[in-house]
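>>> this is a predicted model, with the sequence first.
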Amino acid sequence: MAMNPFVRRVRAVVVLGLIGGTIAMAAGAAPASAGLGLACPSATSTPFTAWSDYANYAFAPDGGFEAGASGWSMGGGARVVAGNESFYVHSKMDKSSLSLPAGASATSPGMCISLLSSKMRFVARGDSGSKVKVQIIYRGLLSSVLGILDGGSYTVGGGWKPSPQIGMLGGVLPLLTSSVSFRFTAVGGAAAIDDVYLDPMKSS
């Protein structure tokens, strides 16, 4: 018996929908920018266990500024200086950090990001009353800005301390996101940052 044309069309739509869903799931299981030439490091480090954070993190590109803030965009007098954060979260061999005079800012290079990326952290210190403002910049192809998330402003004291866990849209990325960058701005006084990390999977 010949199949009703309407039934054939419905079946075709269902099959195409299933195929599309399978492709989307496969794409979602991989880092969003895995094929775009960006480094996608494995999140095998647990740098913040001393502060009861057992999540696995990946180091941001030159996140410890040991290569002179390679790939970072800086303004307002931001510069790499001698002297590592006191906990040596990344490595006992590290010797540098990033100085941010009041009003200065620094933006990290693009970093591969997973669809389930949930948070980032760093280590900071600063003048009394100063804060570090964090913005999370989602980029598409050709580095076009798709959205900027206000990650909050965090008071920093005279001694080094890790930032809180800074949430990133609860694991939801803007459509067509291919990478993420972090912008740090010193507000109300000078500050310094070091050892920038991303939790690229929602591990805890």
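Received it, and whenever you're ready, just let me know what you need.

>>> show me the helices in the protein, by range?
For the chain, applying DSSP state H gives helices covering 5-29.

>>> can you find the helix or strand in it with the smallest mean pLDDT?
Counting by mean pLDDT, DSSP states H and E, the chain has its least confident helix or strand at helix 5-29, which shows a mean of 35.

>>> from M168, how far out is P162?
Distance, P162 to M168, by CB to CB, to the nearest Å: 17 Å. C-beta: built from backbone N, CA, C; applies to glycine.

>>> out of these two, which sits in the more crowded spot?
For P162 versus M168, the count of surrounding residues by other CB atoms under 10 Å is larger for M168: 22 against 19.

>>> any idea how far K119 is from that one?
As judged by CB to CB, M168 and K119 stand 6 Å apart.

>>> what residues are up against the nearest residue to G68 once chain neighbours are set aside?
Leaving aside its sequence neighbours, G68 sits nearest to V80 (CB to CB, 6 or more residues apart in numbering; 5.3 Å). Taking CB atoms under 8 Å, 6 or more residues apart in numbering, we find V80 in contact with 65, 68-69, 96-99.

>>> can you select the buried ones from those residues in PyMOL?
Applying 16 or more other CB atoms under 10 Å to these, the buried members can be selected in PyMOL as follows:
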select buried, resi 65+69+96+97+98+99
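
>>> and which of the contacts of V80 is nearest T44?
Closest approach between the contacts of V80 and T44, by CB to CB: F65, at 21.4 Å.

>>> list the contacts of that closest one.
80, 96-98, 194.

>>> go again using 6 Å as the cut-off
80, 96-98 (CB atoms under 6 Å, 6 or more residues apart in numbering).

>>> hmm, back to that, cross the contacts of V80 against strands and list the overlap.
96-99 (DSSP state E).

>>> how about the residues you listed in JSON lines, adding distance to T185 and pLDDT?
As requested, the ones in strands among the contacts of V80 are arranged in JSON lines below (distance: CB to CB, whole Å; pLDDT from 0 to 100):
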{"residue": "S96", "distance to T185": "20", "pLDDT": "98"}
{"residue": "S97", "distance to T185": "16", "pLDDT": "98"}
{"residue": "L98", "distance to T185": "12", "pLDDT": "98"}
{"residue": "S99", "distance to T185": "13", "pLDDT": "98"}
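
>>> pick the one among those residues closest to S143.
Closest to S143, out of all of the ones in strands among the contacts of V80 and judged by CB to CB, is L98, at 21.4 Å.

>>> double-check the closest one against I193; I have them as touching.
Yes - L98 is within contact range of I193, at 5.1 Å (criterion: CB atoms under 6 Å).
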